[in-house]
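Q: got a predicted structure here, sequence first:
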Number of protein chains: 2
Amino acid sequence: MYDVAIIGLGAAGYTAAIYTARYKLSTLIVGEDEGGMGVTAAEVGNWPGAIDIKGPDLMESFKKHATNFDNVTRKQARVEKVSKGDKAYFQITYQNGETDEAKTLIFATGSDKRHLGVPGEDKLSGKGVTYCATCDAFFYKGKDVAVLGGGDSAVEGAAIAAQVANKVYLIHRRKEFRAEPFWVDEVKKKDNVEYVLERRVVEILGDDKVSGVKLDKEFNGSDTINVDGVFIEIGSIPSTSLAEMLGCKIDDRKHLKVGEDMQTSVKGVFAAGDVSSGSNYFAQFATAAGEGSVAANSVFNYLQGDGGSEGYLSEG
Amino acid sequence: MYDVAIIGLGAAGYTAAIYTARYKLSTLIVGEDEGGMGVTAAEVGNWPGAIDIKGPDLMESFKKHATNFDNVTRKQARVEKVSKGDKAYFQITYQNGETDEAKTLIFATGSDKRHLGVPGEDKLSGKGVTYCATCDAFFYKGKDVAVLGGGDSAVEGAAIAAQVANKVYLIHRRKEFRAEPFWVDEVKKKDNVEYVLERRVVEILGDDKVSGVKLDKEFNGSDTINVDGVFIEIGSIPSTSLAEMLGCKIDDRKHLKVGEDMQTSVKGVFAAGDVSSGSNYFAQFATAAGEGSVAANSVFNYLQGDGGSEGYLSEG
């Protein structure tokens, strides 16, 4: 029985664990994907104090920090189910059938990349279709690729891909990008990026591997562009399914609805990071860390009221 | 004329500057106290990824990061007045009479240490009375000191002071501490800390330097304790006076009231860090950074709508 179980091995989860560890709470942190979305950032640039750090290195430092405490147990496992057990405690069930119990939960489950939903996409997933340009660009050295989207991950992805690929088509359905101007400028510096704006990809072409994309409107006299890789970076969907099993409410934007204290609609269940409605939906390392710390503080206060914590000096 | 002026040289201010810099906004960051409250943390411990870092070093890394951008101007100066200038822009007036103008403002002004309000306090301030135990403990090597308070800064302060002082009296009006259990445990490990609980200091004794404190109730048979230094760590008050000149609303807890986007009650004026009502009032490096990033993002969005930003790719 842990004081708190944190689900998610990303920036929010590890920060929460650092805090609950310092609150002397017995802490379980568990998740499937080490480093969460953080590891997909090739160059971070906006983690304060770190002018030049890569996402995987930053997340490794978070992990080392959290697991440096004796009262933190880290497991890398897929959680299949979360339920309310006896005595109002929570039970976590893993894919292999094993279980853990905790008095409180923090969902730091992040989000999953959004799919395009066009013919060819599922069939060619892993065969040229990928959802992380910065992770996979390296495999397309000297080749032609398409990056789809107009936000941070698309524009950063195009800039990174342009360093190795022969040619990058940045395909976006609008004529303006939502991305951070820093990355928009980085892309503008590359002479091998072609902007394909106000176009949608309606099909991904190829039999056993990607050969191109089909557009809804002609571009340079053709409705197809030949590429070897398609990086789909059109946003993400909060990973709320486990929390929904407990009845946690979801808001209009599909995030877990939390109060100022990061508590969900279910007592004793908290959320932090990209999955939550906090920080004005601004999904950053900095906001994930801030929310993780607040969630941990709220868990601590909750357990104090509950008499659930230990190791706290109550008299001099 | 800057796109944004950030007031405050602490964690929230520098994070906001890193973000506005990356948004390609011309950014002024100005304040009196380099590093803000962050420099008072002897050992940080809870900044994710940094197992072992001192507050001044962490804040130095924030400053280096923010001032690494060409479009960030940093000034160390006392802001005396903030007003609404022509064309709905904001004007900042410094102590020396010079001024700057900006289209938007971010108040990252932090907080000031709370005073005890007892006889002897003002007279002996700087003569043994100090408001930062971790900053000044070093000067009391081999001496006896009193630390007043029960929160993080008091208990951390007592632990740090105990490393150098002969004896530390930790005087707290309640019988339980509010501090992080990590620091409570650290204090418990020291054999030269004496707990003086459920006692208030009613007077600070001494003529031209501190000689002791007088208690409201006897402790070990006496209502005075002889000490050479008194570290008052009884909390802080948000530094809202500049923002109040613009009419920004203050909430019940004396913080600048902000929405999810960190905008105050005045359009174009944002707040972040300890001065704001954000992050459930949890004043940490992590929350200051999170709020700074959200405030910067909101400034960017505000200027976009306003047509105020530049350097943003609007067509491919």
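A: Sure thing, it's come through. Residues are numbered from 1 along each chain as shown, chains lettered A, B, ... in the order given.
Q: hey, where'd the helices end up in the stretch 51-200 of chain A?
A: Applying DSSP state H, counting those that start in this stretch to the stretch 51-200 of chain A gives helices spanning A:55-67, A:133-136, A:152-164, A:181-188.
Q: ranking those helices by mean pLDDT, which is last?
A: For the helices of the stretch 51-200 of chain A, mean pLDDT drops lowest on helix A:133-136, to a mean of 86.
Q: what helices and strands are in contact with that one?
A: The elements that helix A:133-136 packs onto, with contact taken as 3 or more Cβ pairs under 8 Å, 6 or more residues apart in numbering or on different chains; DSSP states H and E, are helix A:152-164, strand A:229-232. (Each C-beta comes from the backbone N, C-alpha and C, glycine too.)
Q: and these as TSV, adding distance to chain B and mean neighbour count?
A: Output for those, formatted as TSV (distance: least, Cβ to the nearest Cβ, whole Å; neighbours: other Cβ atoms under 10 Å in any protein chain shown):
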stretch	distance to chain B	mean neighbour count
helix A:152-164	9	25
strand A:229-232	17	28
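Q: out of the ones you listed, nearest to B:Lys141?
A: Closest to B:Lys141 of these is helix A:152-164 (Cβ to Cβ; 50.9 Å).
Q: A:Glu260 reaches B:Ser276, doesn't it?
A: No - with contact defined as Cβ atoms under 8 Å, A:Glu260 does not count as touching B:Ser276 (11.8 Å).
Q: more neighbours: these two, which one.
A: Per other Cβ atoms under 10 Å in any protein chain shown, whichever of A:Glu260 and B:Ser276 has more neighbours is B:Ser276, with 33 against 14.
Q: next, count neighbours for whichever residue of the stretch 51-200 of chain A sits closest to chain B.
A: Relative to chain B, the nearest point of the stretch 51-200 of chain A is A:Tyr195 (2.9 Å; Cβ to the nearest Cβ). A:Tyr195 has 20 neighbouring residues, counting by other Cβ under 10 Å.
Q: for it, give the beta-bridge partners.
A: A:Leu170 (DSSP bridges).
Q: what residue ranges in chain A score low on pLDDT?
A: A:306-316 (pLDDT under 70).
Q: wondering if stretch A:30-48 reaches chain B at all.
A: Yes - using Cβ under 8 Å from any Cβ of the partner chain, stretch A:30-48 reaches chain B at A:45-48.
Q: mind listing what's buried in that stretch?
A: Across stretch A:30-48, burial judged by 16 or more other Cβ atoms under 10 Å in any protein chain shown covers A:30-31, A:33, A:35-48.
Q: that older thread, export the helices and strands packed on helix A:133-136 to a markdown table and tack on distance to A:Asp100?
A: Shown next, in a markdown table, are the helices and strands packed on helix A:133-136 (distance: least, Cβ to Cβ, whole Å):
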| stretch | distance to A:Asp100 |
| --- | --- |
| helix A:152-164 | 33 |
| strand A:229-232 | 34 |
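Q: just the strands in the stretch 101-250 of chain A please.
A: Taking DSSP state E, counting those that start in this stretch to define them, one finds strands in the stretch 101-250 of chain A at A:111-113, A:129-130, A:144-148, A:167-172, A:193-197, A:201-206, A:210-219, A:222-226, A:229-232, A:236-238.
Q: give me the contacts around the last one.
A: Translated: strand A:236-238. Residues from elsewhere that reach strand A:236-238 (Cβ atoms under 8 Å, 6 or more residues apart in numbering or on different chains): A:37, A:109-114, A:254-256, A:274-276, A:283.
Q: hmm, which of these are the buried ones?
A: A:37, A:109-111, A:113, A:255-256, A:274-276, A:283.
Q: out of the residues you listed, flag the one nearest to A:Ile232.
A: Using Cβ to Cβ, the buried ones among the contacts of strand A:236-238 come closest to A:Ile232 at A:Lys113, 7.1 Å.
Q: just give the closest residue to that closest one, not the sequence neighbours.
A: A:Tyr131 (3.8 Å; Cβ to Cβ, 6 or more residues apart in numbering or on different chains).
Q: I'd say that neighbour and A:Val230 touch.
A: No - the criterion here is Cβ under 8 Å, and A:Tyr131 misses it with A:Val230 at 9.9 Å.
Q: how near is the residue nearest the centre of chain A to chain B?
A: Taking Cα atoms, centre = their mean, the centroid of chain A lies closest to A:Met37, which sits 3.3 Å from it. The spacing between A:Met37 and chain B, counted by Cβ to the nearest Cβ, to the nearest Å, is 15 Å.
Q: give the contact list for that residue.
A: Contacts of A:Met37 by Cβ under 8 Å, 6+ apart are A:10, A:110-111, A:236, A:274, A:283.
Q: tell me the two of those residues that are most distant?
A: Longest span within these, Cβ to Cβ: A:Gly10 and A:Ser236, 12.2 Å.
Q: which of these two has more residues huddled nearby?
A: Set A:Gly10 next to A:Ser236 and count neighbours by other Cβ under 10 Å: A:Gly10 wins out with 29 against 17.
Q: pretty sure that one contacts A:Thr40?
A: No - if you go by Cβ under 8 Å, A:Gly10 and A:Thr40 don't touch, sitting 10.3 Å apart.
Q: centre of the chain to the helix or strand hosting A:Ala295, how far?
A: Using DSSP states H and E, A:Ala295 maps to helix A:285-306. With Cα atoms, centre = their mean, to the nearest Å as the basis, helix A:285-306 stands 19 Å off its chain's centre.
Q: before we move on, what about stretch A:180-189?
A: So, by Cα atoms, centre = their mean, the centroid of stretch A:180-189 is 22 Å from its chain's centroid.
Q: ok, now which ones touch the nearest residue to A:Ala17 once chain neighbours are set aside?
A: Among residues not flanking A:Ala17 along the chain, A:Ala66 sits closest, at 4.0 Å (Cβ to Cβ, 6+ apart). By Cβ under 8 Å, 6+ apart, the contact list for A:Ala66 reads A:14-15, A:17-18, A:21, A:29, A:72, A:74.
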